[in-house]
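Trainee: fold the following.
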Amino acid sequence: MSFFNTKVDQQYDQWRKDAFLKQVTVLSLLTGTLYIFLSIFDSYFAPHGIILELINYHRFLGPSFLYLIAFLAFYTKSDKAIRLILIFTILLAITFHTYALTQLTYYTPFHIDIYLIIFWTFSVSGLRLKDSTLTAVLSIIISFIGLSYTSYTNMVDPFMHHFWIFTTFSFGFAGAYLLETSSKTVFLQQQKLSQELNNKNILLKELSHRVKNNLQIVASILYSQSQKINDEKITQIFDDSIQTIKSMGILHEKLHKSQNLDSIDFKDYIQSLISLSQQNIYNQKVHFSFEAQSIIVGIENSIPLGLIVNEVITNSLKYAHPNHKKDLIIKIQISISPDKELKLHISDNGVGINFDKYNKGFGTQLINSLVTYQLKGEINSYNNNGLNYEIKFMDKRTSTFLIN
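Mentor: Residues are numbered from 1 along each chain as shown. The predicted model follows:
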């Protein structure tokens, strides 16, 4: 991107629009109020030849336009209209001060008002450099025209007037140029970073989509191979593996659709896992009870959590009611405690298990390993009107992105 680019200028104007409106609101209110106070000092200290003109502008005309600008900037978003009114107000101020000084034949401290207006135009007004430069140049022209109608008693006074105008313009322009250049550099860098981030998000989404597709292919291959096996136990192992792969595929599908690629809504993910489990229920009635807050969990913890939930549900479907004579109820609760600890509680209304025998199984070892080594958490399993699992772990992203 280049500084001298119409499209970039338009984007930059839009980017700084809110900052400009806030700046012009505050500074117009402040300047208008200071003008009113200045009018009081005018009554005591201003030269008699210009008292009336200064009081009229400082007390009435100037503040009126400045308050109007502040009102428009606060209640509307029409920054172009505000810029035009602001430029007009600055030129009006220069005109009044120049006219007032033409009534004098000597150099006074009230010439400083003109220098302050020029400096205010560059450094305080919030106008873009091209607008502030044009306004300052017009202000100087108005001041020089007024100077031609002023009869000074010596040559030092107009020389000093010219010198301070030149000095004020030089410092004002240099400061405004450096500020706008720095600001636009930040804008261009932000645009570049945003574009790079957007490109990376697209690539990550595409990667998640391809991983999901590859997992589906793997699941299809496993299913195809399982159809060639007559051993029921081995077929069950294949079915469990397919279920696990599908649960991972759901996660990548959620990432593909998510705006935030490093975390997902875990409540939504669990609901999808429940729906997946319901598709594989054939010979028993199963009711799911699901209570959860909408919690955003970091991607590094989402995969092990999903595998844990899938494994626990699968075990409940297998072992809770061996004869399938009773309806199975599986309860899943997810919550976050005041100390920022995430708690996952899964239970069923089954017959429970013999932990001495059950703990030797692959499923249990997988669950314990995922909790201990992946989540860095704690797991408590027990029989209480069925099998219960309580899993606790810390997830900084979870505590940060909790949605009530």
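Trainee: break the protein down into its domains, please.
Mentor: 6-194, 263-404 (automatic domain parsing).
Trainee: Serialize those domains to CSV and add fields for mean pLDDT, mean neighbour count and distance to residue 222.
Mentor: Every C-beta, even on glycine, is put in place using the N, C-alpha and C of the backbone. Formatted as CSV, the domains of the chain follow (pLDDT from 0 to 100; neighbours: other C-beta atoms under 10 Å; distance: least, C-beta to C-beta, whole Å):
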stretch, mean pLDDT, mean neighbour count, distance to residue 222
domain 6-194, 89, 16, 42
domain 263-404, 79, 16, 14
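Trainee: compare the ones you listed and report which one is nearest to residue 250.
Mentor: With C-beta to C-beta as the measure, domain 263-404 is the member of these nearest residue 250 (4.8 Å).
Trainee: for the stretch 301-404 of the chain, what spans make up the strands?
Mentor: Using DSSP state E, counting those that start in this stretch, the strands of the stretch 301-404 of the chain run over residues 328-336, 341-348, 378-383, 387-394, 402-403.
Trainee: returning to what we had before: could the domains of the chain go into CSV alongside distance to residue 248?
Mentor: CSV is the format used below for the domains of the chain (distance: least, C-beta to C-beta, whole Å):
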stretch, distance to residue 248
domain 6-194, 31
domain 263-404, 7
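Trainee: those domains: which one's closest to residue 240?
Mentor: For the domains of the chain, the distance to residue 240 is smallest for domain 263-404, at 6.0 Å, taking C-beta to C-beta.
Trainee: got JSON lines for the strands of the stretch 301-404 of the chain, with distance to residue 9 too?
Mentor: Output for the strands of the stretch 301-404 of the chain, formatted as JSON lines (distance: least, C-beta to C-beta, whole Å):
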{"stretch": "strand 328-336", "distance to residue 9": "47"}
{"stretch": "strand 341-348", "distance to residue 9": "48"}
{"stretch": "strand 378-383", "distance to residue 9": "58"}
{"stretch": "strand 387-394", "distance to residue 9": "48"}
{"stretch": "strand 402-403", "distance to residue 9": "39"}
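Trainee: tell me which of these sits nearest to residue 20.
Mentor: Taking those one by one with C-beta to C-beta, strand 402-403 is closest: 33.8 Å.
Trainee: so which residues of the chain form helices?
Mentor: 6-15, 17-45, 51-56, 62-75, 79-101, 112-123, 129-148, 156-226, 232-257, 266-278, 299-319, 355-358, 362-369, 396-400 (DSSP state H).
Trainee: closest to residue 383 out of those?
Mentor: Among the helices of the chain, the nearest to residue 383 by C-beta to C-beta is helix 355-358 (8.1 Å).
Trainee: between the two ends of stretch 274-286, how far is it?
Mentor: By C-alpha to C-alpha, to the nearest Å, the extent of stretch 274-286 from end to end equals 11 Å.
Trainee: ugh, typo on my part, it should be stretch 39-50
Mentor: By C-alpha to C-alpha, the extent of stretch 39-50 from end to end equals 12 Å.
Trainee: quick one: it to chain centroid distance?
Mentor: 51 Å (C-alpha atoms, centre = their mean, to the nearest Å).
Trainee: what's the answer for stretch 104-115, then?
Mentor: The answer for stretch 104-115 is 49 Å, by C-alpha atoms, centre = their mean.
Trainee: cool, stretch 67-78 as well?
Mentor: The answer for stretch 67-78 is 26 Å, by C-alpha atoms, centre = their mean.
Trainee: need the helices of the chain in CSV (columns: distance to residue 334).
Mentor: CSV is the format used below for these (distance: least, C-beta to C-beta, whole Å):
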stretch, distance to residue 334
helix 6-15, 40
helix 17-45, 39
helix 51-56, 70
helix 62-75, 45
helix 79-101, 47
helix 112-123, 55
helix 129-148, 55
helix 156-226, 23
helix 232-257, 16
helix 266-278, 7
helix 299-319, 9
helix 355-358, 24
helix 362-369, 16
helix 396-400, 10
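Trainee: of all those helices, which lies closest to residue 339?
Mentor: Once these are compared by C-beta to C-beta, helix 396-400 is nearest, at 9.1 Å.
Trainee: circling back: closest to residue 207 out of the domains of the chain?
Mentor: Of all the domains of the chain, domain 263-404 comes closest under C-beta to C-beta, at 12.3 Å.
Trainee: of the domains of the chain, which is nearest residue 213?
Mentor: Comparing the domains of the chain by C-beta to C-beta, domain 263-404 comes nearest, at 16.8 Å.
Trainee: which one is the spatially most distant residue from the centre of the chain nearest to, not counting chain neighbours?
Mentor: Most distant residue from the mean C-alpha position of the chain: residue 153, 62.3 Å away (C-alpha atoms, centre = their mean). Leaving aside its sequence neighbours, residue 153 sits nearest to residue 105 (C-beta to C-beta, 6 or more residues apart in numbering; 5.7 Å).
Trainee: list the contacts for that neighbour?
Mentor: 150, 151, 152, 153 (C-beta atoms under 8 Å, 6 or more residues apart in numbering).
Trainee: kindly report the same for residue 112.
Mentor: When the contact criterion is C-beta under 8 Å, 6+ apart, the partners of residue 112 are residue 164.
Trainee: that one and residue 118, how far apart?
Mentor: 11 Å (C-beta to C-beta, to the nearest Å).
Trainee: hang on, the earlier thing: ok, the residue farthest from the centre of the chain to residue 106 distance?
Mentor: 6 Å.
Trainee: re the thing from before, right, and the domains of the chain - which one's nearest residue 227?
Mentor: Comparing the domains of the chain by their distance to residue 227 (C-beta to C-beta), the top pick is domain 263-404, with 15.8 Å.
Trainee: residue 96 reaches residue 53, doesn't it?
Mentor: Yes. Using C-beta atoms under 8 Å, residue 96 is in contact with residue 53, at 6.3 Å.
Trainee: ok, back up a step: do you know which of the domains of the chain lies nearest residue 225?
Mentor: Nearest to residue 225, of all the domains of the chain, is domain 263-404, at 17.8 Å by C-beta to C-beta.
Trainee: pull the distance from the closest one to the chain's centre.
Mentor: 33 Å.
Trainee: with stretch 138-152 instead?
Mentor: 50 Å.
Trainee: what's residue 230 sitting at in phi/psi?
Mentor: The phi/psi pair for residue 230 (degrees, to the nearest 10) reads phi -100, psi -10.
Trainee: run a quick neighbour tally on it.
Mentor: 7 (other C-beta atoms under 10 Å).
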